[in-house]
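Student: coords please:
(chains A and B)
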Amino acid sequence: MSLEAGLGLTLGTLVLEVELAVATGELVVLLGPNGAGKTTLLRAIAGLVPLDRGRVVLDGDVLEDTAAGTWVPTEQRPVGFVFQDYLLFPHLSALENVAFGLRARGLPKAEARRRAAGWLERVGLATHAGARPRALSGGQAQRVALARAMVGDPRLLLLDEPLAALDAATRTEVRRDLRRHLASFDGTRLLVTHDPLEAMALADRLVVLEGGHITQTGSPAEVSGRPRSRYAAELVGVNLFHGHADGHAVKLPGGVLVVADDHHGEVFAAVHPHAVALHRQPPEGTPRNIWPGTADALEVVGDRVRVRVSGTVPVVAEVTPAAASELRLADGGPVWATVKATEVTVYPA
Amino acid sequence: MTAVARRRRRRAATTRSGPPIWFAVPGALAVGFLAIPLLGLLNQTPWGHLLAELTSPIALQALRLSLVCSLGAVAVSLLLGVPLAFLLARVAFPGRNFVRALTTLSMVLPPVVGGVALLLAFGRRGLVGRWLDQAFGVTLPFTTAGAILAEAFVAMPFLVISTEAGLRAMDRRYEDAAATLGAGRWTTFRRVTLPLIAPSLGAGVALCWARALGEFGATITFAGNLPGVTQTMPLAVYIALETDLQAAIALSLVLLVISLAVLISLRDRWFPTA
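Tutor: Model prediction:
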């Protein structure tokens, strides 16, 4: 393991309590809602926020250990940091921004500028070396920030929402570049985002952080297939139920969910919205899950219509626009939601 | 909406939010009161032999001395005031508000009281002055160094306040960014913090300099009125008023022009055009 962080700290209303390990060469994406403590965690690892307790170890070097009283100041940690709004020094040119760290670490001016120029070329900004940050577009500023963080050959690269400051149009393009540059970096990488698409596109492994705690960690496929929190479930767009399983029945707060396999104990049950069918009349036939409710909010997602059904068991369904108009779902009113037992994924909580 | 209706609406809006019409009278009086003395000065200025007045030995001496003393005061203020502003802005030490109040007291203190206080502290028999005299043979009253001290005493708070405000307003995360790039505190201060607060610092320097240049009370009380040693321009103007009115007016004009220049240099800061 390359980065090991087991730490706790309190900052205002945030109580951060995290146990995290990232292997060399691995790209871990921290995903979580606003205020979950993602940025604070990155800042703590960089030494910008002191720990209340715990330790941060990078490649075997202890950067901070509250028990032993070890604390390496930020400027001596081999860490590169890309800040959310980049924080390029406004009074320095792009080249000087990239050269700043090399100069601060004692490299002669000419050598620092030569290396900085090399990095600017690498991120495709050789012609913008003399430009001040305010003259750069968002995507260009992001690349300068990346070059500035990587030019000093850090062993750990921390990126805080590197694409959040960009508009949707440039984001796709910049994300592709970012992926390429991150792939060329052979140290440890930890990236923070609240954008699930970005997380899925970049991550080797996802870590979901909510309210200062890690609620789930796993590959993007694992997290999207088997979310372990309401937040994660909403991100990947599935219905998540938490209940007590006894054989083929999962007891939920508002009803019972019939499932195909045998389970016992506390479980999560995930149902994809397209597996939820809606009816205007109480359906008859094969034993399945039938929940009465009210069609609430309609939302068009791609070529499907997303319907929120409120009732004893709230559920989100995805139907075709044709079905939505045939059932007059826009009018609201009572509906029956049905789910086949075979469409439910059940896993231990 | 038709053009007429729009115009009517706009007029209604200005009328509703506008001041009582008769405010124009005291307002105009105020402008006159503030501007007429300056017109009087310009009116009496001996334009014909202004250059001769300004190059008279006594005027040149006062000009040179004022420049030396005020720039010296700015230098002292920078050397001591900027670190103080930094501490006040960034370190939550106990009694910080008290220290801040104390260091800005001389802004509101009558300068002559400041002069007396300086005399009692740095005078030959003063609290610190006695020791300075015995240990180093240094005496400050009635010396150019004393005049610099007196000017710095009243002018430094302007620099401290402006610099501290700049430090508080700046985004401290730039300093975090510098730290992640390997810059220690001194490098960060020099290469990031100072350039970022340059506008506030510049405004502080301008104010501090203008205040030092115009300083009268503390200087004459503490440093006296010795031509060539402590007789700065304001003092020279005051003396010349009795003996040589033309010279007094000429020197006043110089001070007025400098004040205007400072004001213009600060206009973007203080009077941002809407």
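Student: residue ranges of the strands in the stretch 101-250 of chain A, please?
Tutor: Ranges of strands within the stretch 101-250 of chain A are A:156-160, A:188-193, A:205-210, A:213-218, A:239-252, based on DSSP state E, counting those that start in this stretch.
Student: Dump these to a markdown table, plus distance to A:Ala112 and mean pLDDT.
Tutor: (C-beta placed from N, C-alpha, C; glycine too.) Output for the strands of the stretch 101-250 of chain A, formatted as a markdown table (distance: least, C-beta to C-beta, whole Å; pLDDT from 0 to 100):
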| stretch | distance to A:Ala112 | mean pLDDT |
| --- | --- | --- |
| strand A:156-160 | 20 | 95 |
| strand A:188-193 | 24 | 93 |
| strand A:205-210 | 35 | 94 |
| strand A:213-218 | 39 | 93 |
| strand A:239-252 | 51 | 88 |
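Student: Which one of the residues in the stretch 151-300 of chain A is closest to chain B?
Tutor: A:Gly152 (6.5 Å; C-beta to the nearest C-beta).
Student: Oh, that last question was meant for the stretch 51-200 of chain A, not what I typed.
Tutor: Counting by C-beta to the nearest C-beta, the stretch 51-200 of chain A gets nearest chain B through A:Gly101, at 3.4 Å.
Student: That residue: neighbouring residues, count only.
Tutor: A:Gly101 is flanked by 25 other residues according to other C-beta atoms under 10 Å in any protein chain shown.
Student: So which residues on chain A come close to chain B?
Tutor: Within chain A, the positions near chain B by C-beta under 8 Å from any C-beta of the partner chain are A:43, A:46-48, A:73-77, A:79-81, A:83, A:87, A:89-91, A:100-101, A:104-105, A:148-149, A:152.
Student: 6 Å instead, please
Tutor: Neighbours of chain B within chain A, by C-beta under 6 Å from any C-beta of the partner chain: A:46, A:48, A:74-75, A:81, A:87, A:91, A:100-101, A:104-105.
Student: May I see the ChimeraX selection of the buried members of the residues you listed?
Tutor: Typed into ChimeraX, the next command selects the buried ones out of the residues of chain A next to chain B (criterion: 16 or more other C-beta atoms under 10 Å in any protein chain shown):
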select /A:46,48,74,75,81,87,91,100,101,104
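Student: Now, the residues of chain A next to chain B that are in helices?
Tutor: A:46, A:100-101, A:104 (DSSP state H).
Student: Quick check: the farthest pair among those residues?
Tutor: A:Ala46 and A:Phe100 (16.1 Å; C-beta to C-beta).
Student: Could you identify the longest helix within the chain?
Tutor: The chain I'm using is chain A. helix A:168-183.
Student: Switch to chain B, please.
Tutor: helix B:57-90.
Student: Name the residues of it that come out as buried.
Tutor: B:58-59, B:61-63, B:65-66, B:69-70, B:72-74, B:76-78, B:81-82, B:84-86, B:88-89.
Student: now swap in stretch A:141-159 and tell me
Tutor: For stretch A:141-159, by 16+ other C-beta under 10 Å, it's A:141-152, A:154-159.
Student: Whichever residue of the stretch 101-250 of chain B sits closest to chain A - nearest residue in space that isn't next to it in sequence?
Tutor: Closest approach between the stretch 101-250 of chain B and chain A, counting by C-beta to the nearest C-beta: B:Leu181, at 3.4 Å. The shortest distance from B:Leu181 to any non-neighbouring residue, by C-beta to C-beta, 6 or more residues apart in numbering or on different chains, is to A:Gly101 (3.4 Å).
Student: Check A:Glu173 too.
Tutor: Closest to A:Glu173 by C-beta to C-beta, 6+ apart is A:Gly139, at 6.9 Å.
Student: Isn't the one you found up against A:Thr172?
Tutor: No: look at A:Gly139 against A:Thr172 with C-beta atoms under 6 Å: they stay out of range, at 10.4 Å.
Student: So these two - more neighbours on which side?
Tutor: A:Gly139 (19 against 12).
Student: Give me the pLDDT value at the more buried one.
Tutor: pLDDT, A:Gly139: 91.
Student: cool, and B:Met156?
Tutor: At B:Met156, pLDDT is 96.
Student: How about A:Ala131?
Tutor: 94.
Student: residue contacts, it?
Tutor: A:Ala94 (C-beta atoms under 6 Å, 6 or more residues apart in numbering or on different chains).
Student: Roughly how far does it sit from A:Val151?
Tutor: A:Ala131 is 17 Å from A:Val151, where distance means C-beta to C-beta, to the nearest Å.
Student: go on, B:Val99?
Tutor: Taking C-beta to C-beta, one finds B:Val99 at 41 Å from A:Val151.
Student: And whichever helix or strand B:Gly115 is part of, what's buried?
Tutor: Using DSSP states H and E, B:Gly115 sits within helix B:111-122. The neighbour-count check on helix B:111-122 (16+ other C-beta under 10 Å) flags B:111, B:114-119, B:122 as buried.
Student: Around chain A, which positions in chain B sit nearby?
Tutor: Near chain A, when you scan chain B using C-beta under 6 Å from any C-beta, you find B:173-174, B:176-177, B:179-184, B:187, B:195.
Student: Determine the number of other residues adjacent to A:Ser93.
Tutor: The burial count for A:Ser93: 19, using other C-beta under 10 Å.
Student: Ramachandran angles for the spatially closest residue to it that is not a sequence neighbour?
Tutor: Distance criterion C-beta to C-beta, 6+ apart; nearest residue to A:Ser93, sequence neighbours excluded, is A:Gly130 at 5.1 Å. Phi and psi for A:Gly130, reported as degrees, to the nearest 10, are phi -90, psi 0.
Student: right, and A:Gly130 touches A:Leu92 too?
Tutor: No: A:Gly130 lies out of contact with A:Leu92 (C-beta under 6 Å); the separation is 10.6 Å.
Student: out of these two, which sits in the more crowded spot?
Tutor: A:Leu92 (17 against 10).
Student: so how far is B:Ala261 from that one?
Tutor: From A:Leu92 over to B:Ala261 (counting by C-beta to C-beta), the distance is 30 Å.
Student: One more: A:Arg304?
Tutor: Distance from A:Arg304 to B:Ala261, by C-beta to C-beta: 69 Å.
Student: A:Phe241 now?
Tutor: Following C-beta to C-beta, the distance that separates A:Phe241 from B:Ala261 is 74 Å.
Student: Among the two, which residue is more densely surrounded?
Tutor: Comparing A:Phe241 with B:Ala261 by other C-beta under 10 Å, the one with more neighbours is A:Phe241, at 22 against 12.
Student: Before we move on, what's the pLDDT of the residue nearest to A:Arg113 when sequence neighbours are not counted?
Tutor: Closest residue in space to A:Arg113, ignoring its immediate chain neighbours: A:Ala99 at 5.2 Å, by C-beta to C-beta, 6+ apart. pLDDT for A:Ala99: 97.
Student: ditto for the one 3 residues further on
Tutor: According to the predicted model, the pLDDT of A:Leu102 comes to 96.
Student: Tell me who's in contact with the closest residue to it other than its chain neighbours.
Tutor: Excluding the flanking residues, the one nearest A:Leu102 by C-beta to C-beta, 6+ apart is A:Ala112, at 3.8 Å. For A:Ala112, the contacting residues are A:99, A:102-103, by C-beta under 6 Å, 6+ apart.
Student: which residues of the stretch 201-349 of chain A score low on pLDDT?
Tutor: Scanning the stretch 201-349 of chain A for pLDDT under 70 picks out A:286-287.
Student: same thing but 80
Tutor: Along the stretch 201-349 of chain A, segments meeting pLDDT under 80 span A:284-288.
Student: can you give me the helices for it?
Tutor: A:220-225, A:230-236, A:321-326 (DSSP state H, counting those that start in this stretch).
Student: returning to that earlier point: any idea of the mean pLDDT in the helix holding B:Gly115?
Tutor: 94.
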